[in-house]
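need a 3D model of the sequence below.
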Amino acid sequence: MNRLDALREFLHDEAVGGVALLAGAIAALIWANVSVDGYESFWHTHADVAGLDLDLRHWINDGLMAVFFFVVGLEIKRELVAGELRDRRAALLPVLAAAGGVALPALLFVAITAGTDATRGWALPAATDIAFAVGVLALLGSGVPSGAKLYLLTIAIVDDIAAIAIIAVFYSHGLALGWLLVALGSLVVVALMRRAGVPYISAYLLIGAVAWLAVHESGVHATIAGVALGLMTPARPVAGRDVLVTLEHRLHPWSSLAIVPVFALANAGVALGGGAIGDALRSRLAWGVVIGLLVGKTLGIAGGTFLGLRRGWGTLPAGVTRAHVWGLAMLGGIGFTVSLFIAQLAFDAPQQIADAKIGILAGSVVSAAAGAATLRRLTRSS
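Numbers count the residues shown, from 1 in each chain. The predicted structure is shown next:
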């Protein structure tokens, strides 16, 4: 499979995955509103695996999502070596757009929540959900230029890099130096095995499991182990085998169609009755997320793009106009998966988590609708 075929398959999997993710989120909302106690008690059921005792939600968020972030690491590596991020000049425009789309939402969130303990959730509106965004583009059909899809995908991947750095630096707690050294040592062993040409996948899985456990116990979020291992995957063929593309081909469908929907099922549920929506409407936290996603992402991504164009730091892909940029920037405000992930890291209080979830759901839905309407109007007029 060549790189272009891999990209096409990736976009197809993301589009289908967006539908599966939506199904998981809807199922979670129905479950939480039919039986909120049943929903929460189920995901707080504990499971002991090899002496590690976590509840089901943590096994999903810390364990299964490590596979999701491993695939993200593979995607980033592919883009850096053979994709849009390989050429610094071509990469500069989407990098500027992504930087604006991370910084402005965070600033707006902090401005809205200033003076409250909700400010520690400043990264909530900073992420873009690739699966949902690509899914919306797929629904719009072939009228959207292929360059627009590639531009949004590149922005989202740079956005992922920023989100990973934010999680590692700002949402790690109580670092344990000994475990951190074990984690680093495990990654060194993986690098040495690669250099020695060890071909056995089972050996890498064993060392990868040790790295995951060590990162989990170190205080750094366990999913960072997945990203690190993904970035260490060789991008060049090894013994005639394209390891990165093969792994992405095998794991991406599982990540998009199983892991992420299960994550949504475990995390998107929030009871909307009993005054929850009214509480959210009075919550600066919820409004900070909504304004950050809808306004911050739109102005940040579009502003970064137009600044780069004005300075002559890049050009838009063929067929993509400034009007398309506004629609794509709005789709960048779909911050579902990673935003929910950060909400669980940033807050412990059930009310804050509920307000954050409602803000994420509302902001993402409105952003998706606004972006789709903008791009649909352009496809009809072209």
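
got the buried residues for the host helix or strand of Lys357?
Take DSSP states H and E as the rule and Lys357 turns out to sit in helix 350-381. Across helix 350-381, burial judged by 16 or more other Cβ atoms under 10 Å covers 352-368, 370-372, 374-376, 378. (Each C-beta comes from the backbone N, C-alpha and C, glycine too.)

so how far is Val19 from Pro261?
9 Å (Cβ to Cβ, to the nearest Å).

quick one: which of those two has more around it?
Between Pro261 and Val19, counted using other Cβ atoms under 10 Å, Pro261 has the larger neighbour count: 22 against 17.

quick one: low-confidence ranges for this structure?
1-13, 84, 239-240, 381-382 (pLDDT under 70).

name the residue closest to the centre of it, please.
Val338 (4.2 Å; Cα atoms, centre = their mean).

please tell me how far that one sits from Asp348.
Taking Cβ to Cβ as the measure, Val338 falls 19 Å from Asp348.

quick one: the strands in the stretch 151-300 of the chain?
Counting by DSSP state E, counting those that start in this stretch, the stretch 151-300 of the chain has no strands at all.

just the helices in it please.
Under the criterion DSSP state H, counting those that start in this stretch, the stretch 151-300 of the chain contains helices at 177-196, 201-218, 223-231, 243-254, 260-267, 276-281, 284-291, 297-310.

in CSV: those helices, plus distance to Ala162.
Listed next are the helices of the stretch 151-300 of the chain as CSV, based on distance: least, Cβ to Cβ, whole Å:
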stretch, distance to Ala162
helix 177-196, 22
helix 201-218, 20
helix 223-231, 12
helix 243-254, 21
helix 260-267, 19
helix 276-281, 26
helix 284-291, 17
helix 297-310, 12
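
of all those, which one comes closest to Thr321?
helix 297-310 (11.2 Å; Cβ to Cβ).

what's the angle from that closest one to helix 284-291?
If you take axes from the mean of the first three to the mean of the last three Cα atoms, to 10 degrees, helix 297-310 sits at 40 degrees to helix 284-291.

give the next helix or strand downstream of helix 297-310.
Assigned by DSSP H and E, the successor of helix 297-310 is helix 322-331.

for that next one, name the packing helices and strands.
The contact analysis (3 or more Cβ pairs under 8 Å, 6 or more residues apart in numbering; DSSP states H and E) places helix 322-331 against helix 130-140, helix 146-170, helix 297-310, helix 350-381.

repeat that with 7 Å
helix 146-170, helix 297-310, helix 350-381 (3 or more Cβ pairs under 7 Å, 6 or more residues apart in numbering; DSSP states H and E).

and these: which comes nearest Ile76?
Here helix 146-170 is closest among the helices and strands packed on helix 322-331 (Cβ to Cβ), at 6.0 Å.

so what touches that closest one?
Helix 146-170 is contacted by residues 11, 72, 75-76, 79, 84-85, 94-95, 97-98, 101-102, 123, 126-128, 130, 133-134, 137, 220-221, 224, 227, 301, 317-320, 324, 328, 331-332, 338, 342, 345 when judged by Cβ atoms under 7 Å, 6 or more residues apart in numbering.

try it again with 6 Å
Helix 146-170 is contacted from outside by 72, 75, 79, 84, 94-95, 97-98, 102, 123, 127-128, 130, 133, 137, 221, 224, 227, 317-320, 324, 328, 338, using Cβ atoms under 6 Å, 6 or more residues apart in numbering.

quick one: that helix to chain centroid distance?
Computed by Cα atoms, centre = their mean, to the nearest Å, the chain-centroid distance of helix 146-170 equals 8 Å.

ok, back up a step: list buried residues within the contacts of helix 146-170.
By neighbour count, with 16+ other Cβ under 10 Å, the contacts of helix 146-170 hold 72, 75, 79, 84, 94-95, 97-98, 102, 123, 127-128, 130, 133, 137, 221, 224, 227, 317, 320, 324, 328, 338 as buried.

check whether Gly174 really touches Gly219, as I assumed.
Yes - shown here, Gly174 and Gly219 form a contact pair, counting by Cβ atoms under 6 Å, at 4.6 Å.
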